[in-house]
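K.L.:
Turn this into a model:
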Amino acid sequence: MDFNFKKPVHLVALLGLLGALTLFIGYPLLSVFSSTQIPSIYTPSMTPLQRLTMEISLLFTQFLFVFAGLIVVPLLWYKLINQISLKEIFTRLQLRREGLSNALLWGFITVIIAFAITMTIGLLYMFFTKTDPSKFSNIPDLQQLFSISSLYLLVTLQPFCEEFFFRGFLLEKITKIKGPTVAIISTSILFGISHLSYTYAYAAIISVILGVLFAVVVLKTKNLYSAIFAHTLINITSLTLYFFGKSFGM
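P.N.:
Numbers count the residues shown, from 1 in each chain. This is a model prediction of the structure:
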């Protein structure tokens, strides 16, 4: 069923989608014009229990917004506008068990390609822009809010939601309207913008490249799990390498 402005339920789905795009695309874009870094919400007077309670609350809130915006909104669109079953939704999103081993294999290959490309770009970016390598990542900012264990939980669970929205819902919709090439480019740019934070342009550039790789591997394998696996593995490996380098004063 096509979108119809005259149907109230269709407007509800549209408002949900606009809200998700505003939160995950619009807000990061606005952060580029802000010079304020993420402040620490913890004070020296806090007890360990208070800090833990605050961190759990932040983590829960983060997952709540991510789940609502990146999972619930697409499901509402499929149910209210397309009026299809949950099984049909998973088929459109290419969340399937068939060919899972092949999808994971290509996901792993994507990880290797991704690290080769990002390392090369990182070196070139650092050479030409003379940028401090510490500005390549927003992990130091996130550490103001989350402990190491919470960060690992975050980078492990959030990729599923992001892939569900960008390489699942958006890629499927845009591919039907404009074809795969436009879908790959547009979803990758949006994915890159969603990773903008406090003028960390490098993170957005890398995210655009990763978005292209994730989209290509999904279209090749016809399985969203390939991108979910690659995205999760890249996140965990990158976070581990960051802490490993930090422990050696790098």
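
K.L.:
Which parts of the protein are helices?
P.N.:
For the chain, applying DSSP state H gives helices covering 8-21, 27-31, 48-67, 73-77, 86-93, 100-129, 139-142, 148-163, 171-178, 180-194, 201-221, 225-247.

K.L.:
could I get those helices as JSON lines with mean pLDDT and mean neighbour count?
P.N.:
Placement of C-beta: from N, CA and C, glycine included. Compiled in JSON lines, those are given as follows (pLDDT from 0 to 100; neighbours: other C-beta atoms under 10 Å):
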{"stretch": "helix 8-21", "mean pLDDT": "94", "mean neighbour count": "16"}
{"stretch": "helix 27-31", "mean pLDDT": "82", "mean neighbour count": "15"}
{"stretch": "helix 48-67", "mean pLDDT": "93", "mean neighbour count": "13"}
{"stretch": "helix 73-77", "mean pLDDT": "97", "mean neighbour count": "20"}
{"stretch": "helix 86-93", "mean pLDDT": "96", "mean neighbour count": "14"}
{"stretch": "helix 100-129", "mean pLDDT": "92", "mean neighbour count": "15"}
{"stretch": "helix 139-142", "mean pLDDT": "80", "mean neighbour count": "15"}
{"stretch": "helix 148-163", "mean pLDDT": "95", "mean neighbour count": "18"}
{"stretch": "helix 171-178", "mean pLDDT": "96", "mean neighbour count": "16"}
{"stretch": "helix 180-194", "mean pLDDT": "97", "mean neighbour count": "19"}
{"stretch": "helix 201-221", "mean pLDDT": "94", "mean neighbour count": "21"}
{"stretch": "helix 225-247", "mean pLDDT": "92", "mean neighbour count": "19"}
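
K.L.:
For residue 2, which of these is the nearest?
P.N.:
Proximity to residue 2, assessed across the helices of the chain by C-beta to C-beta, is greatest for helix 8-21 (9.2 Å).

K.L.:
Remind me what that closest one packs against, helices and strands.
P.N.:
helix 73-77 (3 or more C-beta pairs under 8 Å, 6 or more residues apart in numbering; DSSP states H and E).

K.L.:
Distance from the helix it packs on to the middle of the chain?
P.N.:
Offset of helix 73-77 from its chain centre (C-alpha atoms, centre = their mean, to the nearest Å): 17 Å.

K.L.:
likewise stretch 26-35?
P.N.:
That offset, for stretch 26-35, works out to 17 Å (C-alpha atoms, centre = their mean).

K.L.:
Please tabulate the helices of the chain in TSV, including the columns distance to residue 2.
P.N.:
Below are the helices of the chain laid out as TSV (distance: least, C-beta to C-beta, whole Å):
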stretch	distance to residue 2
helix 8-21	9
helix 27-31	29
helix 48-67	28
helix 73-77	12
helix 86-93	15
helix 100-129	31
helix 139-142	41
helix 148-163	26
helix 171-178	11
helix 180-194	19
helix 201-221	24
helix 225-247	28
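
K.L.:
and residue 14, what does it touch?
P.N.:
residue 3 (C-beta atoms under 8 Å, 6 or more residues apart in numbering).

K.L.:
how close does the residue sitting nearest the centre point of the chain sit to residue 42?
P.N.:
Closest to where the C-alpha atoms of the chain average out (C-alpha atoms, centre = their mean) is residue 162, at 4.1 Å. From residue 162 over to residue 42 the distance is 27 Å, taken as C-beta to C-beta, to the nearest Å.
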